[in-house]
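1. below: sequence and its predicted model.
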Amino acid sequence: MTDYQLVNEVLARYLRAADHRDPKSMAAVFWPDATVHVYYSGAGSDELLGAMEGADAIGAAVENGMVPHPDLGWSHHTTVNPIVTIDGDAAEYDAQFLVYSALGIARPADGWPEGTSGSQGSITPIESGYVTTSLRRRDGEWRIQRHVIKHDLLYVFPGA
Amino acid sequence: MTDYQLVNEVLARYLRAADHRDPKSMAAVFWPDATVHVYYSGAGSDELLGAMEGADAIGAAVENGMVPHPDLGWSHHTTVNPIVTIDGDAAEYDAQFLVYSALGIARPADGWPEGTSGSQGSITPIESGYVTTSLRRRDGEWRIQRHVIKHDLLYVFPGA
Amino acid sequence: MTDYQLVNEVLARYLRAADHRDPKSMAAVFWPDATVHVYYSGAGSDELLGAMEGADAIGAAVENGMVPHPDLGWSHHTTVNPIVTIDGDAAEYDAQFLVYSALGIARPADGWPEGTSGSQGSITPIESGYVTTSLRRRDGEWRIQRHVIKHDLLYVFPGA
C-alpha cells in the first residue's frame, strides 16, 4: 500500500468511527497528543466552537459531543475530493466533508401497501464544510496529529 | 495503472451501470460465478433481503430489481471513502454508499419565468449504507466475485 | 506524487474554486486555450447550454455564470468515483458530480431554544451529472484542456 492509500484509509476509518459513534475506533486513529478544533466558517470568518486534546477525549466525544442516532436512524460521515500531500513521515489531508442522516420507516405489521418499492425512509444531508488534517507516521503507522473541522452551518453541541 | 486504481475503476463502472440500468455493463464487471447479497442493517442486525448468483442474473437485476427512472429522472449510485486492500490476485473493497434520485422540470413552452436561475428540478438522496466487495484478478482483469450491500433503510424490491 | 494523485488534485482545486466563486483559482487550473462545454442530458440527448473558451473567460464565469451565495450560504462542488486514464502527458478524467447548497440559520440574539443540537440550517443537493475532463501536462504541470459537464437537470444561467 502506498502512503497515499494509507492516509486515505486513516480518514476512512475516522469517518466510519463517527458513523458508529464508536469511541475506541475513533481514539485509535489519533495519536495520544492529538488535537481537534471545530470552527464555524459560514459567516465569513472562523469562530471556534470547540476543541479537544488527546485521543481518549476525542474518542469520548462521539458519545458526549454528537447527537445520538434515533431508532432506525444512522449517519454517514464522508469526505470527498481530498488533496493529499506527503512529506516523509508527515502528511496533510484537505477535503470537503458532508454528513448525512438516515431515518428509516419500520415495516408495517400488515406489510407494505401495494406498489411500494425502493428505500423506505429519508436521507438528509445535515452537515458540510472542510477538514484539514495533519497526520504523522510513527513506527510505521499513520495516525492523525491535528484535525481541523470548519462547518458551513453553526453546530450546536448537545447539552451546550 | 496500479491495482488500487483498477479496483476503484471496476467499482466506478459498476455504479455507472446501475445509473444507466444497463444489464450488459453491469454483467461485465462480475465474474460468471459471482454473487450479490443485499441486506437491511438499519435495525441493529442484518436481514437478508435478496441474493443473486451469476453475472447474467446480476446484470438482469438492474431491470427487474430496480425502480425504473421516471421521465426526466435519473439516478447516481456513488461510493465514498473506500478502504482497499490488495493481496496478489484478490482485493477487498469496503466503502460507504449513497444513491441519489434526480427529477427534472421540463422547460415551459413559453420559457422560464423571469429571474429563474440554476438547476430546475430536485435531487434527493434515497439510499445509503455500506458495500463490501471481493474482487479477483483472472488473466490480468479485475472483476467482482462477491458483493455485499447493507442498506440503512429497508429496501422493497419492485413487484415484491 | 503520482500522476493519478496530481490529476485528482487538479479536479479538487477546480471544485474548490467553484465553491469559493474565485475567478483566479478557477482560471489557474485551465490552460490558456482550454474549453468548457455545458450540456443538459436529462431528456435522452445532449443539448448544449453554454460554452466558454480560454482560462480567463472560464475563471470569470464563476462570477457571471453561477448563482451567487446568499448570506450564510455556501456550496460544495464534488465529484465521485472518477475513472482516470493517463497516457504520457495526456489524461482523461471521467466522474459523476454532485453540487450541494448550504443555507445557515443565524444564532438567535437571545440564544438557541433549549434542546437545540446539531447543525442549524439546511443542505440541499441542487445539481448532478457527469463530467469528462481532458488534462494535459506541459512543463511538468497538469491543467485542464477540455472540460465537458453534462447536467441531469436543466440549468438556467443567471440573467439568461
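-> Yep, that arrived.
2. ok now the longest helix along chain A, how far from the chain's centre?
-> Scanning chain A for the helix with the most residues, using DSSP state H, yields helix A:3-20. Centre-to-centre, helix A:3-20 and its host chain are 9 Å apart (C-alpha atoms, centre = their mean, to the nearest Å).
3. separation between A:Tyr39 and A:Arg143?
-> Between A:Tyr39 and A:Arg143 the computed distance is 22 Å (C-beta to C-beta, to the nearest Å). Backbone N, C-alpha and C define where each C-beta goes, glycine included.
4. show me where chain A has strands.
-> Here chain A has its strands, by DSSP state E, at A:30-40, A:47-53, A:73-87, A:90-104, A:118-138, A:141-151, A:154-156.
5. out of these, which is closest to B:Leu6?
-> Nearest to B:Leu6 among the strands of chain A is strand A:73-87 (19.6 Å), distances taken as C-beta to C-beta.
6. pLDDT weak spots in chain A?
-> A:160 (pLDDT under 70).
7. got the phi and psi for the residue of it most remote from its centre?
-> Within chain A, the residue lying farthest from the chain centre (C-alpha atoms, centre = their mean) is A:Glu114, at 38.4 Å. When read as degrees, to the nearest 10, the backbone of A:Glu114 gives phi -60, psi 140.
8. B:His151 versus that one, what's the distance?
-> Distance from A:Glu114 to B:His151, by C-beta to C-beta: 21 Å.
9. now A:Arg13
-> To B:His151, A:Arg13 is 22 Å away according to C-beta to C-beta.
10. what does A:Glu53 give?
-> As judged by C-beta to C-beta, A:Glu53 and B:His151 stand 38 Å apart.
11. the more surrounded of these two?
-> Using other C-beta atoms under 10 Å in any protein chain shown as the criterion, A:Glu53 and B:His151 rank with B:His151 on top: 26 against 13.
12. surely that one meets B:Gly129?
-> Yes. Here B:His151 reaches B:Gly129: they are 4.5 Å apart, a contact under C-beta atoms under 8 Å.
13. ok so, going back, turn the strands of chain A into TSV, columns for distance to C:Asp110.
-> Formatted as TSV, the strands of chain A follow (distance: least, C-beta to C-beta, whole Å):
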stretch	distance to C:Asp110
strand A:30-40	19
strand A:47-53	18
strand A:73-87	30
strand A:90-104	27
strand A:118-138	24
strand A:141-151	22
strand A:154-156	14
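14. for the ones you listed, which one sits closest to C:Ala34?
-> Closest to C:Ala34 of those is strand A:73-87 (C-beta to C-beta; 19.7 Å).
15. between strand C:73-87 and that closest one, find me the angle.
-> Relative orientation of strand A:73-87 versus strand C:73-87 (axes from the mean of the first three to the mean of the last three C-alpha atoms, to 10 degrees): 60 degrees.
16. sheet partners, orientation included, of strand A:73-87?
-> In the sheet containing strand A:73-87, its partner strands are strand A:90-104 (antiparallel), by DSSP bridges.
17. pull the distance from the partner strand to the chain's centre.
-> Centroid separation for strand A:90-104 versus its chain: 5 Å, with C-alpha atoms, centre = their mean.
18. can you name the residues bridging to A:Tyr130?
-> Note on A:Tyr130: beta-bridge partners A:Gln96, A:Lys150, judged by DSSP bridges.
19. how about A:Ser134?
-> Bridge pairing for A:Ser134 - DSSP bridges - gives A:Glu92, A:Arg146.
20. pull the contacting residues for it.
-> Remark: with contacts taken as C-beta atoms under 8 Å, 6 or more residues apart in numbering or on different chains, A:Ser134 is in contact with A:Ala90, A:Ala91, A:Glu92, A:Tyr93, A:Ile144, A:Gln145, A:Arg146, A:His147.
21. so which residues on chain A come close to chain C?
-> Within chain A, the positions near chain C by C-beta under 8 Å from any C-beta of the partner chain are A:2, A:4, A:42-43, A:67, A:80-86, A:96, A:98-99, A:124-128, A:151-160.
22. burial count for A:Met26?
-> A:Met26: 23 neighbours (other C-beta under 10 Å).
23. before we move on, what about A:Tyr93?
-> When neighbours are counted by other C-beta under 10 Å, A:Tyr93 comes out with 22.
24. leaving aside the residues adjacent along the chain, what's closest to it?
-> Distances taken as C-beta to C-beta, 6 or more residues apart in numbering or on different chains put A:Thr133 closest to A:Tyr93, at 4.2 Å, once the chain neighbours are dropped.
25. what's the distance between that neighbour and A:Phe97?
-> From A:Thr133 to A:Phe97 the distance is 10 Å (C-beta to C-beta).
26. then A:Val156?
-> From A:Val156 across to A:Phe97, the span is 18 Å (C-beta to C-beta).
27. also A:Val80?
-> From A:Val80 to A:Phe97 the distance is 8 Å (C-beta to C-beta).
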